[in-house]
Every structure is written in structure tokens, then in C-alpha cells.
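Participant: Got a sequence here, can you build the structure:
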Amino acid sequence: MAVLKNQIPILEFDTEQSAVIMPGHHSDYNFPQKAVMLFMEPEIDDFVAQNKCEVVGKFVSVTKNFYVYKTQINSMDIAFVQAPLGGAGAVQIMEQLIAGGVKEIIAAGCCGALVEDTEGSFFVPTAALRQEGTSYHYLPPSREIELDAAPIKAICSVLENAKISYRSCKTWTTDGFYRETKDMVRYRKSEGYAIVEMECASMAACAKMRGILFGQVLFTADSLVNVDAHDIRNWGNNFFAAAMKIAMEAITEV
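Facilitator: A predicted model of the protein is given here:
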């Protein structure tokens, strides 16, 4: 075990997997093996109100409490929880799920379009550009991280069975929402990235380091195709429930 030092701090990496503070240190949860992390809130509340869902965990943060629910989809127990915006916060929730026994996770949420699309177009990331910070605490430095094949296959299968068109793609993960400059957007588009979001690389790195499977389904909210006129559209508000359903179905097929 060793700290791999670098003049640039974000590129330094410790090969040791244990840490001073470990996930699960405040609780002894026993979650289902399959879990869904959802970047949404009203849709979760609606689902809980309309279905028999058991509260099986509570993660306390300075921002809010995140409740973990259990339900049955396709006769399988699955856990689901709201995921906070940004890679660092999302990974903290992911770590707690893993500490409680989760082995397979699919996340669902929205993203920005870098290619021509219509609002609510679905994308399935196969790799994520690591232009954020959290992933560098979990894996040695690299430009991209590949997502796991089994969750990708499951998500695509559910989309195809539902006759929902989608595209597999590479995604640009950044934690600088207000630093998506015109030239940077053009650069990422030229490299072949179809969408932009804030968590995928972080979560994929955590999953790989902890030895679990991770996949993500995303739909487009705003569009950055025209860098001179950012189009917020309706921020994808009409598609969150559909993404939640896709993720819940897909996790049962992993």
C-alpha cells in the first residue's frame, strides 16, 4: 500500500482501500443486493405514496435526511434512494448503500445535450470523462472510466422492450457547472461526448474500487448544442418518472 505522490494534488492516489472514516460506521443496515439511485425527489415521494414501500435506512447529512426505501419489482426486492446533485454527495450515498450490502446499482437522472436531440431523449453511458474530483480518490488517474457491461445491457434491454429510442454514448462528467465554457463545450463535442452531467465518473469509480456493478440511464434536460444560446427547455421535468421506472426495471435484469 502506498501514496502515489504528484505535484498536482488531485492526481495523488492512495492504494489503501480502508480509511480513517468508513461508510456504515453509524449503522448496521442490511439492504437488498439491488439498488437504484434517483436524481429526483417528487417522483420518489409519489411512488412511495402509491406503493407499499418500507423505510429500511436513513442517511443523515447536514443538508437533509436521505431515506432508503425497499419495494418489490418483478418479484425482486430492490432498494431505492434519492441521490444528491454532484459526484461527491452521490458517492457518499453510494458508499453507504454498499456498506449495507448492495452489490448492483443503477442510477437515473437528467443531463445536458451536446448533440442534436429532443428534450427527454434517453442516453446510456458506456464511458465517462473524469473531469471532476471524486473519482481520483477511488482510482488512479486516467482520462476516462468505462461502465460495467451487465447494467448497460439491462438498461438497453428495458428501453428496447418499452420501444423507447436511445443512444449509447460517452458522457462528460464535470463538477464545474458554471465552467462549461464555449470553447470547452466545443472541445468535448469534438472528442465525441454526447452528453454532460456531474456524477457518472465519480459513481463508476467508486463502484469499481468497491467491486460492485454500476450503470446509469440519463435523459436530456437542457441543450448546449448552440453554445451562443443555452436552451434550458423545461429542464426535462416531464421525464423523471419514466427514467425512474426504467431504472427500477433494469436493476432486476442485472
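Participant: Please point out which parts of the helix or strand containing Cys169 sit buried.
Facilitator: Assigned by DSSP states H and E, Cys169 belongs to strand 166-174. Using 16 or more other Cβ atoms under 10 Å as the test for burial, strand 166-174 gives 166, 169-174. Just so you know, the C-beta spots here come from the backbone N, C-alpha and C atoms, and that holds for glycine as well.
Participant: same check, this time on stretch 19-31
Facilitator: Counting neighbours by 16+ other Cβ under 10 Å, one finds that the buried residues in stretch 19-31 are 23, 29, 31.
Participant: Could you pull out the strands in the stretch 151-254 of the chain for me?
Facilitator: Listed in chain order, the strands of the stretch 151-254 of the chain (DSSP state E, counting those that start in this stretch) span residues 166-174, 193-197, 213-223.
Participant: Could you check the angle the shortest one makes with strand 213-223?
Facilitator: Orientation of strand 193-197 against strand 213-223 (axes from the mean of the first three to the mean of the last three Cα atoms, to 10 degrees) gives an angle of 90 degrees.
Participant: Not counting its own residues, what contacts strand 193-197?
Facilitator: The contact list for strand 193-197 (Cβ atoms under 8 Å, 6 or more residues apart in numbering) reads 109-115, 123, 125, 129, 167, 169-174, 180, 185, 188, 218, 220, 224.
Participant: give me that answer again for 7 Å
Facilitator: Outside of strand 193-197, the residues within contact range by Cβ atoms under 7 Å, 6 or more residues apart in numbering are 111-115, 123, 129, 167, 169-174, 180, 188, 218, 220, 224.
Participant: OK, contacts around Tyr178?
Facilitator: For Tyr178, the set of contacting residues under the criterion of Cβ under 7 Å, 6+ apart is empty.
Participant: From Thr134, how far out is it?
Facilitator: When distances are taken as Cβ to Cβ, to the nearest Å, Tyr178 and Thr134 turn out to be 18 Å apart.
Participant: cool, Thr63 as well?
Facilitator: Counting by Cβ to Cβ, the separation of Thr63 from Thr134 is 17 Å.
Participant: quick one: which of those two has more around it?
Facilitator: A side-by-side neighbour count of Thr63 and Thr134, using other Cβ atoms under 10 Å, places Thr134 first with 22 against 8.
Participant: quick one on the thing from earlier: what's the angle between the strand holding Cys169 and strand 213-223?
Facilitator: Using the same axes, to 10 degrees, the inter-axis angle of strand 166-174 relative to strand 213-223 is 90 degrees.
Participant: What pairs with strand 166-174, parallel or antiparallel?
Facilitator: Partners of strand 166-174 in the sheet, by DSSP bridges, are strand 122-131 (parallel), strand 193-197 (parallel).
Participant: Export those as a markdown table, with columns for mean pLDDT.
Facilitator: Output for these, formatted as a markdown table (pLDDT from 0 to 100):
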| stretch | mean pLDDT |
| --- | --- |
| strand 122-131 | 98 |
| strand 193-197 | 98 |
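Participant: Now mean neighbour count too, for the ones you listed, in JSON lines please.
Facilitator: Supplementary listing: the strands paired with strand 166-174 in JSON lines, determined by neighbours: other Cβ atoms under 10 Å:
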{"stretch": "strand 122-131", "mean neighbour count": "22"}
{"stretch": "strand 193-197", "mean neighbour count": "25"}
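Participant: I'd like the ones you listed written out as CSV, with distance to Phe47 added.
Facilitator: Output for the strands paired with strand 166-174, formatted as CSV (distance: least, Cβ to Cβ, whole Å):
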stretch, distance to Phe47
strand 122-131, 19
strand 193-197, 22
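Participant: Indicate which one of the ones you listed is closest to Val254.
Facilitator: Taking Cβ to Cβ as the measure, these were each checked against Val254, and strand 122-131 came out nearest at 13.3 Å.
Participant: helix or strand right after the closest one?
Facilitator: On the C-terminal side of strand 122-131, the nearest following helix or strand under DSSP H and E is strand 144-146.
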